[in-house]
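Colleague: pasting the structure only:
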């Protein structure tokens with residue numbers, strides 16, 4: 001039987017007792033019907049996971065006794081940064097969830113000229129907090145013991161101007177006509193995904209100046225959320241740890 005995994009935003013140590021966060025405790029108590037003595041797995045994002053046992057359930061308050069911990073590495077050897085133009089609706093939730101499951105190390109939401117979404121600073125901060133919660137939930141489900149970095153949304157041009165290259169830089173461009181071998185990818189890679197209407201011409205030029213090379217995934221134009229997951233899957237299957 002697979003044990004329920006819980007993220008705790010605090011240092012964990014054997015022998016301690018922790019109160020679970022309110023939302024997590026309420027889910028355990030009311031949805032999963034947790035009882036005293038139930039076993040759990042706890043992690044705090046430092047690469048370790050700890051055995052835990054429910055000590056008490058009082059209404060929506062749940063306390064857990066922490067037992068021994070062990071380092072469990074489920075991170076990909078390929079450090080993927082997903083530079084994602086923020087789509088409308090809840091599509092970004094889907095992208096964050098699936099990218100986390102696929103082992104992406106860092107997600108950079110950006111706003112381009114053709115992005116439908118527009119955010120003021122307060123809204124950008126709120127969105128980042130929400131997406132971090134989505135990533136936490138995905139880590140609980142998929143077994144990761146380290147959380148991906150979720151940055152605050154910012155204009156694409158600011159990202160290109162501020163962010164130094166951290167490895168191979170790739171741009172998914174459906175109009176690109178490949179005439180050579182697939183790019184060589186090292187231990188770190190950035191992959192940029194455009195908005196619903198694609199990147200503007202001057203943005204494509206800014207990518208080129210910033211050292212991004214264009215790649216294409218097949219003959220069809222993919223939706224932005226499909227393109228993100230297809231690109232990460234391609235990278236992880238070819239250069240990472242997503243193998244049969």
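Modeller: Good, I have the coordinates. Treat the numbers as computed from the prediction; the structure is a model and nothing was measured.
Colleague: centroid residue for the protein?
Modeller: When C-alpha atoms, centre = their mean is applied to the chain, the residue found nearest the centroid is residue 100 (3.6 Å).
Colleague: grab the nearest non-local neighbour of it.
Modeller: Counting by C-beta to C-beta, 6 or more residues apart in numbering, the nearest residue to residue 100 once its immediate chain neighbours are dropped is residue 138, at 3.8 Å. C-beta here means a position set from N, CA and C on the backbone, and glycine is covered the same way.
Colleague: what do you get for residue 199?
Modeller: Here the residue nearest residue 199, using C-beta to C-beta, 6+ apart, is residue 112, at 6.1 Å.
Colleague: with residue 60 instead?
Modeller: Counting by C-beta to C-beta, 6+ apart, residue 60 lies nearest to residue 26, which is 4.3 Å off, once chain neighbours are set aside.
Colleague: the chain: helices as residue ranges?
Modeller: Using DSSP state H, the helices of the chain run over 22-26, 91-101, 121-142, 156-162, 201-209, 224-239.
Colleague: got a list of contacts for stretch 207-223?
Modeller: If you take C-beta atoms under 8 Å, 6 or more residues apart in numbering as the criterion, stretch 207-223 is touched by 160, 165, 168-178, 182-183, 190, 192, 196, 199, 227, 230-231, 234.
Colleague: type out the PyMOL command that picks the buried ones from the residues you listed.
Modeller: The buried subset of the contacts of stretch 207-223, as determined by 16 or more other C-beta atoms under 10 Å, is captured in PyMOL by this line:
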select buried, resi 160+168+169+170+171+172+173+190+192+199+227+230+231+234
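Colleague: quick one: least confident helix or strand in this structure?
Modeller: helix 22-26 (a mean of 88; mean pLDDT, DSSP states H and E).
Colleague: before we move on, back to that, ok, the residue nearest to the centre of the chain to residue 204 distance?
Modeller: According to C-beta to C-beta, to the nearest Å, residue 100 stands 28 Å off from residue 204.
Colleague: residue 203: neighbouring residues, count only.
Modeller: Counted with other C-beta atoms under 10 Å, the neighbours of residue 203 add up to 22.
Colleague: residue contacts, it?
Modeller: 112, 113, 156, 157.
Colleague: returning to that earlier point: restricted to strands, list the contacts of stretch 207-223.
Modeller: 168, 169, 170, 171, 172, 190, 192 (DSSP state E).
Colleague: check those residues and tell me the two furthest apart.
Modeller: Greatest spacing in these, by C-beta to C-beta: 168 and 172 (13.2 Å).
Colleague: how does this protein divide into domains?
Modeller: 4-71, 79-239 (automatic domain parsing).
Colleague: how long is the shortest one end to end?
Modeller: Terminal residues of domain 4-71 lie 18 Å apart, using C-alpha to C-alpha, to the nearest Å.
Colleague: distance between it and the chain's centre?
Modeller: 23 Å (C-alpha atoms, centre = their mean, to the nearest Å).
Colleague: below-threshold pLDDT in the protein: ranges please.
Modeller: 1, 176-182, 244 (pLDDT under 70).
Colleague: so what's residue 57 up against?
Modeller: Contacts of residue 57 by C-beta under 8 Å, 6+ apart are 28, 29, 34, 35, 36.
Colleague: how much space separates the second one from residue 113?
Modeller: According to C-beta to C-beta, residue 29 stands 47 Å off from residue 113.
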